[in-house]
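> only geometry, no sequence info:
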Ligand code: GLY
């Protein structure tokens, strides 16, 4: 496996539009309306989930075969020829491959995948002392979190608690937030900011809630709640769309800039950022039962699913406003140069949104439950169709095609991404556990 470099050129592939919407609606109609047929359909939906996990098992084994010397470089994406690319242990994505191994090993009861999950997870243990980014929640909760959930191994719990301690070193009580990146250089070329917070950071809070529950120390939870409240206030617009990056002055604690790093423009809505927000605020509501978080999660979800720019197959463009009048990328962003016609979709944003909507559907009233669940199912079925799901044995072993890492950086444009696969598997599992059992 090759190691990934920071930036590499886009392929400029065009996207094949989803074609199976009608088929899906016809398929789901009886399942949603008639109890007689729903039993049959329920069985076929169980088979659908099972066959996708079997596919995942085979693809993960292909990746394992390409990393036969064991956990060295962590699978992240592919190059333009479909060859697997990995990253060093410190990359924000390293928890997703072990996490996918755990979920698939568990669903398929596959001991080969379980052994691999243990090896790839334990390789990450030194990160428990890592403090150089805010991504420890992704890195450790997706790997060790799944490991602990499935094995109850107390050593894994200790790793998670130490990781939460490390994450808390990035909390600034004056600002009330965890610092995401160490610095952020504006695409406009006129400023570098020293306390950037990105919407993605909502995802790292789950590790902190876990640490408080396990230790009884409310410090972790306090930090998570403070971060979420500040994000709600400063990062979410009044219509429930989101800014990607909010920069604070760490002395005055004031917001000094609202910009984008991975979206099209400062005032646009980056699809994966919106997805992180829906997921993160839903999780915060689960952990706190604070209705403000539920209102924010539902507001962000409604903005996403009712957006005029959401395609009918519900797989969002990489940014909701890409190419629209009134939205202008910064002069140093590659968003204009890398822009394609048609505008690229991002299967990773769709997978995260599907998983989040399934959880959100459990916390809202009946009408909204059906709406969120049905859109999640539509996304899952579209991702599982030929437009997005890789042919067996291809795609470097990844499950989904057509993801976007960062168009402004010109990186991972229309490629597979390890985190798209992780949230796709989580969505399948949530569907199975919550709606098909
Ligand atoms: N957390 C980085 C990303 O979503 O690309």
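Ah, there it is. The structure displayed is predicted, hence computed values, not measured ones. Numbers count the residues shown, from 1 in each chain.
> Tell me which residue of the stretch 1-150 of the chain lies closest to the ligand.
Nearest to the ligand in the stretch 1-150 of the chain, going by CB to the nearest ligand atom, is residue 92, at a distance of 5.6 Å. Placement of C-beta: from N, CA and C, glycine included.
> Pull up the gap between the spatially closest residue to residue 328 that is not a sequence neighbour and the ligand, please.
Once flanking residues are discounted, residue 328 sits nearest to residue 265: 5.4 Å by CB to CB, 6 or more residues apart in numbering. Distance of residue 265 to the ligand, computed by CB to the nearest ligand atom, to the nearest Å: 17 Å.
> Get me the contact residues on the stretch 1-150 of the chain for the ligand.
Residues of the stretch 1-150 of the chain lying close to the ligand by CB under 6 Å from any ligand atom are residue 92.
> again, 8 Å this time
92, 135, 138 (CB under 8 Å from any ligand atom).
> By neighbours, which of these wins?
Ranked by neighbour count (other CB atoms under 10 Å), these have residue 138 at the top, with 25 neighbours.
> Share the number of residues neighbouring the one residue in the stretch 251-400 of the chain that gets nearest to the ligand, please.
Nearest residue of the stretch 251-400 of the chain to the ligand (CB to the nearest ligand atom) works out as residue 272 at 5.0 Å. Using other CB under 10 Å, residue 272 is surrounded by 29 other residues.
> Okay, buried residues for the longest helix along the chain please.
Counting by DSSP state H, the longest helix found in the chain is helix 35-66. Buried residues in helix 35-66, counting neighbours by 16 or more other CB atoms under 10 Å, are found at 41, 45, 48-49, 52-53, 55-57, 59-64.
> wait, which of those residues is closest to residue 340?
When the buried residues of helix 35-66 are ranked by distance to residue 340 (CB to CB), residue 59 comes first, at 26.5 Å.
> residue in this structure nearest to the ligand?
Closest point on the chain to the ligand, by CB to the nearest ligand atom, is residue 200, at 3.8 Å.
> returning to what we had before: give me the contacts around the next helix or strand after the longest helix of the chain.
Using DSSP states H and E, the helix or strand that directly follows helix 35-66 along the chain is strand 74-78. Strand 74-78 has contacts (CB atoms under 8 Å, 6 or more residues apart in numbering) with 1, 4, 63, 67, 84-89, 91, 93-94, 97, 120, 395-398, 405, 412, 415-418.
> Show me those residues that map onto helices.
Among these, the members found in helices (DSSP H) are 63, 97, 120, 418.
> Touching, the residue of the stretch 251-400 of the chain closest to the ligand and residue 346? I think so.
Yes. Between residue 272 and residue 346 there is a contact under CB atoms under 8 Å: 6.1 Å.
> Tell me which stretches of the stretch 251-400 of the chain form helices.
Taking DSSP state H, counting those that start in this stretch, the helices of the stretch 251-400 of the chain run over residues 271-288, 291-305, 347-360, 366-383.
> Point out the most buried one among those.
Comparing the helices of the stretch 251-400 of the chain by mean neighbour count (mean count of other CB atoms under 10 Å), helix 347-360 ranks first with a mean of 29.
> Spit out the contact partners of the residue nearest to residue 328.
321, 327, 328, 329, 330, 335.
> Now for the residues you listed: which two are most distant?
Spatial extent of the contacts of residue 265 (CB to CB) is set by the pair 321 and 330 at 14.4 Å.
> Doesn't residue 434 lie inside a strand?
No. Under DSSP: H, G, I helix; E, B strand; the rest coil, residue 434 falls outside any strand and is assigned helix.
> Could you check how far it is from residue 373?
Separation of residue 434 from residue 373 (CB to CB, to the nearest Å): 9 Å.
> sorry, back to before: okay if I get the contacts of residue 265 as JSON lines plus distance to the ligand, neighbour count and pLDDT?
Shown next, in JSON lines, are the contacts of residue 265 (distance: CB to the nearest ligand atom, whole Å; neighbours: other CB atoms under 10 Å; pLDDT from 0 to 100):
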{"residue": "321", "distance to the ligand": "18", "neighbour count": "20", "pLDDT": "97"}
{"residue": "327", "distance to the ligand": "19", "neighbour count": "19", "pLDDT": "97"}
{"residue": "328", "distance to the ligand": "22", "neighbour count": "15", "pLDDT": "96"}
{"residue": "329", "distance to the ligand": "17", "neighbour count": "24", "pLDDT": "97"}
{"residue": "330", "distance to the ligand": "17", "neighbour count": "19", "pLDDT": "97"}
{"residue": "335", "distance to the ligand": "14", "neighbour count": "27", "pLDDT": "95"}
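> Sweet, I'm off.
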